[in-house]
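Chemist: Build me a model from this:
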Amino acid sequence: MDRPGVTVEWIGKAPRVVRAAQPRDLRVEVRDGHDWFGISGEVEVDGERVALALLLDAIRERRRFVRLDGKAWLAIAGELAERLAPLAHLSHSGKEDVEVGPSAFSTLDDLERDGAALTTRGAFATLFSRMRAGSSETAAVPAPFVATLRDYQVDGFHWLARLAAWGAGACLADDMGLGKTLQALALLCLRSGEGPALVVAPTSVCANWMKEAQRFAPSLKVTLYREAEREGAVSRLHAGEVLVASYGLVTRDLERFKAVRFATLVLDEAQAVKNAATRRARAIREIDAEFRLALTGTPIENHLGELWSLYRIVFPGLLGSWELFRERFALPIERDRDPACQKALAAALRPFLLRRTKDEVARELPSRTEIQLSVALSPEERRLYDEARLAAVARLTGQDQARPEQHRFQVLAAITKLRLLACHPKLYDAETALTSSKLDRFRALASDLKEAGHRALVFSQFTSHLSLVREALDVDGASYLYLDGQTPPAKRDRLVDRFQAGEGDLFLISLKAGGTGLNLTGADYVIHLDPWWNPAVEDQATDRAHRIGQTKPVTVYRLVAQGTIEEAIVTLHAEKRDLVAGVLEGMDSAGKLSPEDLMALIRAGPEETAPTEVESDLEEALPPAWSSPRPSPIPERLPEDCAALVDRFEQHLRDEQARGKFHSDGPAKIYPRSVRRFLEFLAAERGQGRPVDGDFGGLVHRYLEALQTRRFPAPSSEHRVARTALRRLGEFIAARRPGVCLPT
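Modeler: Numbering: from 1, shown residues only. Predicted coordinates for the structure are as follows:
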């Protein structure tokens, strides 16, 4: 009788509907449980009683009435349904009663304020009282903190101090460039007497933490773990001391960090732990800390699992188990766009996530203008691109779909080749004599900017693309600096200082290496040479220039090749921005593309439209063997004598090093070690009865998949190293002994 569009006729006496239940009719008791807290209660109206569990079930199922004994029904008033909705979505049935996590705090507080009788016991009572007490306290910014905070930063500091007093976890998700580091340093000063603190950040950001702490929090004793006597640096920590370490070193030396109880743990660029299955995320979860703070301008980029992973570290138990979270939130929101689930998740996160945008709180920042420059390909480039696109469609259409993951892998590889071709023909065929219309347009733009007295940051996600840009700039006599993932941290800092001091008209930066942790307000123009799937990553890069401290208007150019896959990617940016905003404001949309959707991107020509969503980080899913600047010879099989093969491969790398192809002896040491680990994987597969006599590309794909899913134990960096090592191995084999079978 409560379903819209359904008409019910009663024969005989009509059922009795008890008056609508209100929050004041509700009694709730919360007590300690096994992992979460046990909750029970009931509503009593006109002598009729209904258990709280039945009410929550009805609200989850969108029923407005609950059946009582006989022919009576209890109506659930809109006000009560609205108050109980978050609790319905955030609870689940335990062995004895309903269980809830810390995310129910604010909902229960609202119910009590609306007149419900709330009884709390045990640990929940303690946490609940701390929350109530902390909500009414406003901590003063500590005197030893010497920076002058803006009003919104003071509000952020107060929010952090309250959550620390509660014993909860927090995610400060302010827009990029709004001073998250400053707010965190103020909190570290406030909590310095509680015990030692640990700041974990990407290697490229650690040095910035040292500088900011020395400048604004001189009372703190801050040590960079990388440069210290490491074992003693951890074991001898005391109150008032802060240790700054990279994610990689914390993961590697986890046992040392686990032995210390930290008062405060700060995770900077916390999107680094967005994948709960990685060794890095698992390691950070094991660190013992009283208060945990995540700093990130992008708490979610692709799907809700990233948000769950983040809070599993920051505030364990807040969002429950993955199975529960997936059932209650991820699937209904991503698949069904369920507004009730979106609202419930927003309510659960609201007390523990704070985000302000530049438009809201930093109106003093100069303007930012974004311009898309469409680049028309030459007839020769257009012909090459269309041939490559059609060849990819023909090659991938109608393939055996028995191995869908490998098919997806091959589709992504084809997409990457088309993206490279859209940048420059030489990135697809190194022997071609064709020039790049995009490069010509960039050179003209760079010349115009120099003549007008402007300086620019230039981003590309392909270092091979930047290499061609550097060659062209050298011919033009342009003044530029260059930074990529191979740049050592110390040199990286020197390059930033040189650019800020006025050296170089252009700063060429690989997107992934320089998209975070840099302050480059010396530039007033930003140029993106090729679009990335997720605009949030591009925005982070842009905000290296458009941030507090910038005094000039910032102009952002995006060079997009007409009639190519780049146009399809750009059309997705609005959808991706809606995803990020939706998650933070109510989770409006999320999802991933199927291989069929990805194939649509490849098929798309100048007149075709693109799908509405695309998975980001596609580049990271591809080993360079399938995304190299030109087609690489890949062997069909592995040679028989694998041990001898690795020895010859290692000698080959040392010969290349001697000829000056490598800048260090790293490849000659690391790549053979990575190949030996690959062979260990094959031996383990054979021992478990799995076939290992398949094609070389299939074995590589299976190995990378095993690394990603942690089915095969290896260092967290092995996935990235293995891709390059196995590409070089494949080229080495194909050039010498192609077509030799691997023994069974």
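Chemist: for residue 245, phi and psi?
Modeler: The phi/psi pair for residue 245 (degrees, to the nearest 10) reads phi -140, psi 150.
Chemist: check contacts around it.
Modeler: Listed by Cβ atoms under 8 Å, 6 or more residues apart in numbering, the contact partners of residue 245 are 198, 199, 200, 201, 206, 224, 225, 226, 257. Every residue, glycine included, has its C-beta placed from N, CA and C.
Chemist: Apply 10 Å and report the result again.
Modeler: Residue 245 makes contacts with 198-201, 203, 206, 209, 223-226, 228, 230, 233-234, 251-253, 256-257, as judged by Cβ atoms under 10 Å, 6 or more residues apart in numbering.
Chemist: can you pull up the bridge partners for it?
Modeler: Note on residue 245: beta-bridge partners residue 200, judged by DSSP bridges.
Chemist: coming back round to it: in strands, which of the contacts of residue 245 fall?
Modeler: 198, 199, 200, 201, 223, 224 (DSSP state E).
Chemist: rewinding a little: just the buried subset of the contacts of residue 245, please.
Modeler: Using 16 or more other Cβ atoms under 10 Å as the burial test, those include 198-201, 203, 206, 209, 223-226, 230, 233-234, 251-253, 256-257 as buried.
Chemist: Hmm, residue 150 is touching residue 358, no?
Modeler: No - using Cβ atoms under 10 Å, residue 150 is not in contact with residue 358, being 11.9 Å away.
Chemist: which neighbours do those two share?
Modeler: Common contact partners of residue 150 and residue 358 (Cβ under 10 Å, 6+ apart): 178, 364, 548.
Chemist: ok, the last one - how many residues close by?
Modeler: Right, the one you point to is residue 548. Look at residue 548: counted by other Cβ atoms under 10 Å, it has 16 neighbours.
Chemist: Help me confirm that it is found in a helix?
Modeler: No - according to DSSP: H, G, I helix; E, B strand; the rest coil, residue 548 belongs to no helix; its state is coil.
Chemist: my read: it touches residue 149, true?
Modeler: No - using Cβ under 10 Å, residue 548 and residue 149 do not qualify as a contacting pair, with a distance of 11.4 Å.
Chemist: what is in contact with these two at once?
Modeler: 179, 182.
Chemist: Return the member of the ones in strands among the contacts of residue 245 nearest to residue 482.
Modeler: Residue 482 lies nearest to residue 201 out of the ones in strands among the contacts of residue 245, by Cβ to Cβ, at 23.3 Å.
Chemist: That closest one contacts residue 265, correct?
Modeler: No - if you go by Cβ under 10 Å, residue 201 and residue 265 don't touch, sitting 11.7 Å apart.
Chemist: hang on, the earlier thing: looking at the ones in strands among the contacts of residue 245, which one is closest to residue 541?
Modeler: Nearest member of these to residue 541, counting by Cβ to Cβ, is residue 201, at 17.4 Å.
Chemist: how near is the nearest residue to the closest one once chain neighbours are set aside to residue 161?
Modeler: Sequence neighbours aside, residue 268 is the residue nearest to residue 201 in space, at 3.8 Å (criterion: Cβ to Cβ, 6 or more residues apart in numbering). Distance, residue 268 to residue 161, using Cβ to Cβ, to the nearest Å: 19 Å.
Chemist: Where do the strands of the stretch 151-300 of the chain begin and end?
Modeler: Applying DSSP state E, counting those that start in this stretch to the stretch 151-300 of the chain gives strands spanning 170-172, 197-201, 221-224, 241-246, 261-268, 288-295.
Chemist: Output the ones you listed in CSV, with distance to residue 537 and mean pLDDT appended to each entry.
Modeler: Output for the strands of the stretch 151-300 of the chain, formatted as CSV (distance: least, Cβ to Cβ, whole Å; pLDDT from 0 to 100):
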stretch, distance to residue 537, mean pLDDT
strand 170-172, 19, 93
strand 197-201, 17, 95
strand 221-224, 27, 93
strand 241-246, 20, 93
strand 261-268, 17, 95
strand 288-295, 17, 94
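Chemist: Stretch 679-691: which residues count as buried?
Modeler: Applying 16+ other Cβ under 10 Å to stretch 679-691 flags 679, 681, 682, 685 as buried.
Chemist: do the same with stretch 364-381
Modeler: Under 16+ other Cβ under 10 Å, the buried positions of stretch 364-381 are 365, 368, 375, 377, 381.
Chemist: tell me which element the last one is part of?
Modeler: In this case it means residue 381. According to DSSP states H and E, residue 381 maps onto helix 379-396.
Chemist: just the first one next, same as before
Modeler: Counting by DSSP H and E, no helix or strand carries residue 365.
Chemist: State the pLDDT value of the residue nearest to the spatial centre of the chain.
Modeler: Nearest residue to the geometric centre of the chain (Cα atoms, centre = their mean): residue 271, 4.0 Å. Reading off the confidence values, residue 271 has pLDDT 87.
Chemist: and if you look at residue 621?
Modeler: As predicted, residue 621 sits at a pLDDT of 30.
Chemist: swap in residue 491?
Modeler: 87.
Chemist: Determine the three-state secondary structure at it.
Modeler: Quick answer, by three-state DSSP: residue 491 is helix.
Chemist: can you check residue 538 too?
Modeler: Per three-state DSSP, residue 538 ends up helix.
Chemist: Is it in contact with residue 459, as I believe?
Modeler: Yes - between residue 538 and residue 459 there is a contact at 7.6 Å, judged by Cβ under 10 Å.
Chemist: what residues do those two have in common as contacts?
Modeler: Residues touching both residue 538 and residue 459 (Cβ under 10 Å, 6+ apart): 511, 515, 526, 528, 532, 558.
Chemist: ok, now which ones touch the third one?
Modeler: With contacts defined as Cβ under 10 Å, 6+ apart, the neighbours of residue 526 are 368, 370, 456-459, 507, 509, 520, 538, 541-546, 554-558.
Chemist: that older thread, looking at residue 538 and residue 459, which is more packed in?
Modeler: residue 459 (27 against 23).
Chemist: The more buried one is in contact with residue 543, isn't it?
Modeler: No - look at residue 459 against residue 543 with Cβ under 10 Å: they stay out of range, at 11.7 Å.
Chemist: Determine the number of other residues adjacent to residue 644.
Modeler: Residue 644 has 10 neighbours, counted by other Cβ under 10 Å.
Chemist: Okay, buried residues for the host helix or strand of it please.
Modeler: Residue 644 is part of helix 642-658 when elements are defined by DSSP H and E. Buried residues in helix 642-658, counted by 16+ other Cβ under 10 Å: 642, 645, 646, 648, 649, 650, 652, 653, 654, 657.
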